[in-house]
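**Q** give me a model of this one.
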Amino acid sequence: MVSVSHISKSYGPLQVLRDLSFTVSKGEMVAVTGPSGSGKTTLLQILGTLDRPDSGQVVINGVSTDTLDGDQLARFRNQHIGFIFQDSRLLPEFTAWENILLPACIAYGVSPSGHTSATPTDTIATEQEISTFEQTVQWCRQLVELCNIHDCVMRQPRQLSGGQQQRVAFARALSLRPSLVLADEPTGNLDPENAENVMTLLNKLRTICRCTVILSTHNLELTRFTDSHIRLAS
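**A** Modelled structure (predicted):
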């Protein structure tokens with residue numbers, strides 16, 4: 001699913017990553033740990049095609065990302081990669097439901113304003129291909145139920161707790177059923193109980209959606225939720 005071959009990255013005289021290689025299988029959950037400054041966020045940005053390595057190659061789902069130009073990378077990110085951040089990064093002017101729909105609206109070139117209901121009507125099987133905006137909306141409604149946010153999904157982010165915001169961010173990241181989900185310190189702003197709940201949910205969603213998850217964390221206890229562990233040295 002993901003193949004990283006001999007990537008290096010420097011910012012001026014500071015070398016952040018040096019000759020890093022690893023592979024991740026389809027459906028696997030991998031934790032990336034290491035001290036601050038070891039390159040965890042830089043690695044996720046490169047995997048997410050938000051940055052490019054100085055050397056080496058990244059292949060995601062059979063696509064070598066270094067062969068894609070700016071517009072192609074933007075489409076690739078939208079269609080194949082879901083992002084989860086430490087602070088959820090929900091847009092404050094939209095409701096939680098509108099935030100969840102945003103990747104689909106971008107992909108299909110439509111507005112979320114005409115799709116105000118988050119109540120599921122039909123069930124879409126996880127293995128079923130989603131090829132239309134309406135099917136994606138229905139899948140997002142199912143995600144609302146899976147993430148247990150149906151009671152708060154019409155509120156704005158400022159009206160949600162930290163745990164609720166992060167569950168909304170999970171639903172947004174999985175709204176287009178990406179093959180790869182990248183989570184940068186997804187529990188960093190949460191108390192231990194909410195962190196445990198969020199990791200349990202992420203593992204559940206990973207299984208349901210059959211996606212690959214790579215997450216960075218300072219919390220070594222969270223590696224028990226993952227299948228493998230990559231430790232970066234400073």
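
**Q** quick check: buried residues in stretch 123-139?
**A** Across stretch 123-139, burial judged by 16 or more other C-beta atoms under 10 Å covers 124, 130, 133, 136-139. Heads up, the C-betas are built off the backbone N, CA and C, glycines and all.

**Q** as TSV, these with pLDDT, distance to Gly109 and secondary structure would be great.
**A** As requested, the buried residues of stretch 123-139 are arranged in TSV below (pLDDT from 0 to 100; distance: C-beta to C-beta, whole Å; DSSP: H, G, I helix; E, B strand; the rest coil):
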residue	pLDDT	distance to Gly109	secondary structure
Ile124	66	21	coil
Ile130	77	16	coil
Phe133	90	9	helix
Thr136	91	13	helix
Val137	91	14	helix
Gln138	91	18	helix
Trp139	91	18	helix
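
**Q** distance to Cys152 added to those residues, as TSV?
**A** Written out in TSV, the entries for the buried residues of stretch 123-139 read as follows (distance: C-beta to C-beta, whole Å):
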residue	distance to Cys152
Ile124	23
Ile130	25
Phe133	24
Thr136	21
Val137	19
Gln138	20
Trp139	19
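
**Q** max pairwise distance over those: which two?
**A** When the buried residues of stretch 123-139 are compared pair by pair using C-beta to C-beta, the two farthest from each other are Ile124 and Phe133, 13.1 Å apart.

**Q** taking the centroid of this protein, which residue is nearest it?
**A** Nearest to the geometric centre of the chain sits Phe83, at 2.8 Å (C-alpha atoms, centre = their mean).

**Q** so what does the worst-scoring helix or strand of the chain on mean pLDDT touch, helix or strand wise?
**A** Of all the helices and strands that make up the chain, helix 192-209 has the lowest average by mean pLDDT, DSSP states H and E, namely a mean of 88. Secondary structure elements in contact with helix 192-209, counted by 3 or more C-beta pairs under 8 Å, 6 or more residues apart in numbering; DSSP states H and E, are strand 29-33, helix 133-146, helix 162-173, strand 212-216.

**Q** if we go to 10 Å?
**A** Where contact means 3 or more C-beta pairs under 10 Å, 6 or more residues apart in numbering; DSSP states H and E, helix 192-209 is packed against strand 29-33, strand 81-84, helix 133-146, helix 162-173, strand 180-184, strand 212-216.

**Q** just put those in CSV and tack on distance to Leu232.
**A** Output for these, formatted as CSV (distance: least, C-beta to C-beta, whole Å):
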stretch, distance to Leu232
strand 29-33, 7
strand 81-84, 19
helix 133-146, 31
helix 162-173, 23
strand 180-184, 13
strand 212-216, 9
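
**Q** for this protein, give me the ranges with low pLDDT.
**A** Applying pLDDT under 70 to the chain picks out residues 113-118, 120-122, 124-128.

**Q** OK, contacts around Ile7?
**A** Contacts were defined as C-beta atoms under 10 Å, 6 or more residues apart in numbering; by that measure Ile7 touches 17-22, 42-43, 46-47, 52-58.

**Q** restrict those residues to the buried ones and give me that as a ChimeraX selection.
**A** For the buried members of the contacts of Ile7, the matching ChimeraX selection, counting by 16+ other C-beta under 10 Å, is:
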select :17,20,42,43,46,47,53,56,58
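
**Q** need the phi and psi values for Leu222.
**A** Leu222 adopts backbone torsions of phi -70, psi -10, taken as degrees, to the nearest 10.

**Q** ok, Leu174 next?
**A** Given degrees, to the nearest 10, the pair of backbone angles that Leu174 has is phi -100, psi 10.

**Q** that's all I had, so thanks and see you.
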